[in-house]
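Student: here you go, sequence then predicted model.
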Amino acid sequence: MLTYKNILLGQNESIIPAFNWLFKEENIDTIIEIGTHRGGLALWLSDNTKDNVKIYSYDITHEYLLIKGNDRMELILGDCFDDNIKINIISKINNSKQVILLCDGGDKNREFNTYAPFIRKNDIIMLHDYCLDTKLFDTLIKNGLWTTPLESDYPSIKQSIINNNLVAIKEDLFNSCLWGCYKKK
């Protein structure tokens, strides 16, 4: 598992080329992360995106948090399914030029299905612990590149993909780091 500044990210190393490719190809100005946990991914994003990118990370607890917010990164305590937090997230989506919404909390399929209707054309929504190809997932487990079960799957988000005109981006690249990556057309 990948660490950054001595914090376990809960990601495999393939995330670095995948996310770097995404940041190079897209004109992202806002990243919304659902599921901060220790904060390692939020910190890595803060250090590895353009200076104009604002990062908002939401979690229901800060019990495990090992980082502090900074000028580019706001850590928000709250449940993404709570009406007030939902309004807050939707407002951040609507006030950005291009958003990446990262569904990496405790119910990734539900997070994806809840927020997919609110992303706009060219916005990107992603979910972690996801793999279309179970053979690839089995290989990652066997080779020690991943240790936990899949927590999100295509059948659970298929209707949202169809209803919201989402298309997969670089499936092979993002499958290798256990992320589903979809862009609104």
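Tutor: Looks like it came in fine. Because the structure is predicted, anything quoted here is derived from the model rather than measured.
Student: how far away is the residue in the chain sticking out farthest from the centre from Pro117?
Tutor: The outermost residue of the chain relative to its centre, with distances by Cα atoms, centre = their mean, is Lys142 at 24.4 Å. Lys142 sits at a distance of 37 Å from Pro117 (criterion: Cβ to Cβ, to the nearest Å). In this view, the C-beta of every residue, glycine as well, is placed from N, C-alpha and C.
Student: same check, this time on Asp172
Tutor: 27 Å.
Student: what does His37 give?
Tutor: 26 Å.
Student: and these two? which has more neighbours close in?
Tutor: Per other Cβ atoms under 10 Å, whichever of His37 and Pro117 has more neighbours is His37, with 23 against 11.
Student: check what pLDDT the more buried one gets.
Tutor: The confidence metric pLDDT takes the value 97 at His37.
Student: just checking, it touches Leu66?
Tutor: No. Look at His37 against Leu66 with Cβ atoms under 8 Å: they stay out of range, at 9.1 Å.
Student: so who does Phe118 touch?
Tutor: 89-90, 93-94 (Cβ atoms under 8 Å, 6 or more residues apart in numbering).
Student: for the residue most central in space within the chain, what are its contacts?
Tutor: For the chain, the residue nearest the mean C-alpha position is Leu102 (2.1 Å; Cα atoms, centre = their mean). With contact set as Cβ under 8 Å, 6+ apart, Leu102 has these partners: 31-35, 41, 126-128.
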